[in-house]
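> Predicted model follows, preceded by the sequence.
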Amino acid sequence: MNIEQYLKPEMIDTYVIPWGIKIAVAVAIFIVGRMIAKMVARFAERMMNRAKLDGMLTAFLGNILYVALLVVVVIAALDQLGVQTTSLIAVFGAAGLAVGLALKDSLSNFSSGVMLIIFRPFKVGDFIEAAGQAGVIEEVRIFSTIMKTGDNREIIIPNSHIYGGPIINVSARPTRRIDMVFGIGYDDDIRKAKELVNAAFAADERILQDPAPTVAMVELADSSVNFNVRPWVKTADYWAVRSDLMERIKLSFDENGISIPYPQRDVHMHNAA
């Protein structure tokens, strides 16, 4: 079947050939552009891997870059076909704005997740306090962060709640200072009490000597003389040393006649005449 039987020669020259060329060029632009987009995305991922960025962030940003480049390629191919890409871009922009407003909270969590992964205020395995919760970081996802509490509960916190507030990273430093306050009675021997506390420091090898532990009188309270007791320990030893030291000092005070005052009330009875 000869196409010239149905189309006049001038129609072939005016419409068929030009449009055939446009379609061929548009298809070529799409195929080549898609290949280039993949190459650029892979190159960007390799660069991010060399920069030792988080693997999850690298893959995610690589996908976003590929999709963005693919959109540019599609628009270029449609422009070759004579489609009014200006109005098309305006439609995409309006649709993007509507979707952005509808997914405002999700986009906020996404951007916060990216910032957490890039700036790394904490890493997996760190014990942190954030968004009113405390626990060990198990995973940082794009929209949320997974924490595990000391009693083995799982907490899922939106990333925007973490990044938008103070973050206390307990595991960030190799050492920590234990802050405790001990009170003794006004009739007790202050020097003796300090000697007993220093002896308790010396009895525990986990207490660091640099910085040196300190014990100093801090307050003459209503019913006690209060001391700040502040030894330094490795972060991993914090809770164990704190508990052991508190028990050792209490027992040592009891054995040496040093009292630890506690709130009490004296009630005096008077007989009415």
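Looks like it arrived, so ask away.

> residue ranges for the helices of this structure, please.
Per DSSP state H, the chain carries helices over the ranges 9-11, 17-50, 55-80, 85-102, 104-119, 159-163, 190-202, 238-255.

> Turn the ones you listed into a markdown table, including distance to Glu139 and mean pLDDT.
Heads up, the C-betas are built off the backbone N, CA and C, glycines and all. What follows is these, written out as a markdown table (distance: least, Cβ to Cβ, whole Å; pLDDT from 0 to 100):
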| stretch | distance to Glu139 | mean pLDDT |
| --- | --- | --- |
| helix 9-11 | 64 | 58 |
| helix 17-50 | 20 | 85 |
| helix 55-80 | 9 | 78 |
| helix 85-102 | 26 | 64 |
| helix 104-119 | 11 | 81 |
| helix 159-163 | 12 | 92 |
| helix 190-202 | 39 | 96 |
| helix 238-255 | 24 | 96 |
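
> didn't Glu219 look like it was pressed against Ile184?
No: when contacts are counted by Cβ atoms under 8 Å, Glu219 is not listed as touching Ile184 (11.6 Å).

> sorry, back to before: okay, the helices of the chain in JSON lines with mean neighbour count next?
Output for those, formatted as JSON lines (neighbours: other Cβ atoms under 10 Å):
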{"stretch": "helix 9-11", "mean neighbour count": "9"}
{"stretch": "helix 17-50", "mean neighbour count": "14"}
{"stretch": "helix 55-80", "mean neighbour count": "16"}
{"stretch": "helix 85-102", "mean neighbour count": "11"}
{"stretch": "helix 104-119", "mean neighbour count": "16"}
{"stretch": "helix 159-163", "mean neighbour count": "22"}
{"stretch": "helix 190-202", "mean neighbour count": "16"}
{"stretch": "helix 238-255", "mean neighbour count": "15"}
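
> Out of these, which gets nearest to Arg141?
Taking Cβ to Cβ, helix 104-119 is the member of the helices of the chain nearest to Arg141, at 6.6 Å.

> What is that closest one packed up against?
helix 55-80, strand 133-140, strand 144-148, strand 154-158, helix 159-163 (3 or more Cβ pairs under 8 Å, 6 or more residues apart in numbering; DSSP states H and E).

> Serialize the ones you listed to CSV and add fields for distance to Ala202.
Shown next, in CSV, are these (distance: least, Cβ to Cβ, whole Å):
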stretch, distance to Ala202
helix 55-80, 47
strand 133-140, 32
strand 144-148, 36
strand 154-158, 40
helix 159-163, 41
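
> Of these, which is nearest Pro213?
strand 133-140 (25.8 Å).

> Parallel or antiparallel, list what pairs with the closest one.
Using DSSP bridges, strand 133-140 pairs in its sheet with strand 127-130 (antiparallel), strand 144-148 (antiparallel).

> mean pLDDT for those: which is lowest?
Lowest mean pLDDT within the strands paired with strand 133-140: strand 144-148, a mean of 92.

> what residues does that strand touch?
109, 113, 116, 128, 133, 135-140, 154-159, 162 (Cβ atoms under 8 Å, 6 or more residues apart in numbering).

> ok and that strand relative to strand 154-158, angle-wise?
150 degrees (axes from the mean of the first three to the mean of the last three Cα atoms, to 10 degrees).

> relative to helix 104-119, how tilted is strand 144-148?
70 degrees.

> buried stuff in strand 144-148?
144-147 (16 or more other Cβ atoms under 10 Å).

> Give me the distance from that strand to the chain's centre.
9 Å (Cα atoms, centre = their mean, to the nearest Å).

> more crowded one of Glu219 and Ile184?
Set Glu219 next to Ile184 and count neighbours by other Cβ atoms under 10 Å: Ile184 wins out with 22 against 12.
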